[in-house]
Structures are given as C-alpha cells and as structure tokens.
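# can you look at this prediction? I've put the sequence above it.
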Amino acid sequence: KQEVTQIPAALSVPEGENLVLNCSFTDSAIYNLQWFRQDPGKGLTSLLLIQSSQREQTSGRLNASLDKSSGRSTLYIAASQPGDSATYLCAVIGAGSSNTGKLIFGQGTTLQVKP
Amino acid sequence: NAGVTQTPKFQVLKTGQSMTLQCAQDMNHEYMSWYRQDPGMGLRLIHYSVGAGITDQGEVPNGYNVSRSTTEDFPLRLLSAAPSQTSVYFCASSPVGQGGIHEQYFGPGTRLTVT
C-alpha cells in the first residue's frame, strides 16, 4: 500500500532563507507527483506536477525534484518570503491508479517564514 | 476562468438530513473528483468521474452518491448525514491527456458540520 510521508511536520525560518521540504513514498511505481500549497481555511493550490519520467520541474522560486528509485521528492523554495507561509502537501498517483486519478497525500509540512 | 467552484462554503446539518454539495468547473476538464479532509487522516478520495455519465467509487464512498450529467458539474449527495461526515470537502478537476490524468486543480472547499 502506497504511503506518503512528509518531514518535518513544521518548519520555521527567517525571511530570505532557502529551504527544502521533503516528501517520501513507499512504492516507487508512481504515475506522477504533485506539490500543493494550502493556506489556513482555504483550498489546495497546485504548485508543481512532476510526471514519472521527469526529474524536476521549476516555477519561479520553486523547484521540485523527483527520485523514483529512492522514493523521494524535494520542494526547494528560494529566498523565502512571509507570504510563503502555508502548509505544503505532497501527493502521488500510483502507476496502477493512473485511470482513477487517486491522489495519495502526505500529512503536510507547515511552513512559517518570519519577517 | 473561475476554475473549480464549490457551494456552499459552510453548512450545518442535523443527523439524518440530506443535502447536495455543488461543484462546477469551467475548464472543460474530463476528470472530476471529491475528497474529504480530516485531521490526522489527510485527504481521502470519495468518488470520481472520468467523463459525463461515468462515475466510480474512491476510497471512502459509503454514505455518498454522485452523478455526472454534464462535463461542468459534479454534485456530491449526502443521503442521511451522520456526525462522522463532519469534514471539509474538496472537489477537484483535471484534463485527461494521452497519457492519462494530468495536473489536478482543487476548489475552495465546503466545511460541513453534522450535529
């Protein structure tokens, strides 16, 4: 059974720091991996999607990498800002679930960026 | 584009009542789904649809019904509300390409309390 783990559960950094959020999954046979951001009381905002054949994706200050063989993905945030404060969720679709679209979510990392 | 919209934002029900959570998307996405988010349990798939007229069960379908008569709308019906259905409900949609389901976009959520 696919399980997704995100460590740490919470992170507090000063503004301007570069930081890395970690995501690990137990079954390397994935269809894709998606990173989301969730602000308190709000919905999920898609940040980056990495297909199983890709190694990384970039959007602005965000860079997500994927290492299927080790079951890991990282989300790198450059020059963090207070507006980056949110919960970041990692989710995978298993290779056998590509027709169901079932996302398996981690518990999230809650990031606080202090001014 | 409005993206994925959900109504209502908040709802309080009494045990045994029924209601429909509305979800609509204006991106002409074939795939739509419903998740519930609970503390400690994360997000779990309730039902999904790969196109108008086609629906299927996800991980936690009991107590919920869905239908998909149009591409745009995917309502979720609670048949007889129970306190265990107190949760935040999210609707999501995605285009379907040659390789399958692509990036998934979530709505703002409906917060449901069953007393």
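Perfect, thanks for sending it.
# let me see the contact set for residue 25.
Just so you know, I chose chain A. A:Gln2, A:Glu3, A:Val4, A:Thr5, A:Leu33, A:Gly71, A:Arg72, A:Ser73, A:Val92, A:Ile104 (C-beta atoms under 8 Å, 6 or more residues apart in numbering or on different chains). From N, CA and C alone the C-beta is placed, and that goes for glycine too.
# let's do chain B instead
B:Gly3, B:Val4, B:Thr5, B:Met32, B:Glu72, B:Phe74, B:Cys91, B:Ser93, B:Tyr105.
# beta partners for it?
B:Val4 (DSSP bridges).
# all helices for chain A, in order.
Shown for chain A, no helices are assigned by DSSP state H.
# before we move on, back to that, buried subset of the contacts of A:Phe25?
A:Gln2, A:Val4, A:Leu33, A:Gly71, A:Ser73, A:Val92, A:Ile104 (16 or more other C-beta atoms under 10 Å in any protein chain shown).
# let me know the secondary structure of the residue positioned nearest the centre of chain B.
Nearest residue to the geometric centre of chain B (C-alpha atoms, centre = their mean): B:Trp34, 2.7 Å. Three-state assignment for B:Trp34 (DSSP: H, G, I helix; E, B strand; the rest coil): strand.
# got the contact list for the residue nearest to A:Lys42 when sequence neighbours are not counted?
Sequence neighbours aside, B:Pro108 is the residue nearest to A:Lys42 in space, at 6.4 Å (criterion: C-beta to C-beta, 6 or more residues apart in numbering or on different chains). Contacts for B:Pro108 (C-beta under 8 Å, 6+ apart) come out as A:Lys42, A:Gly43, B:Val4, B:Thr5, B:Gln6, B:Lys9.
# distance check, the last one against B:Trp34.
Which is B:Lys9. Taking C-beta to C-beta, to the nearest Å as the measure, B:Lys9 falls 16 Å from B:Trp34.
# skipping adjacent residues, who's closest to A:Leu66 in space?
A:Ile50 (4.5 Å).
# what about that neighbour, how many residues nearby?
By other C-beta atoms under 10 Å in any protein chain shown, 20 other residues sit near A:Ile50.
# bridging residues for it?
Applying DSSP bridges, one finds that A:Ile50 bridges with A:Leu33.
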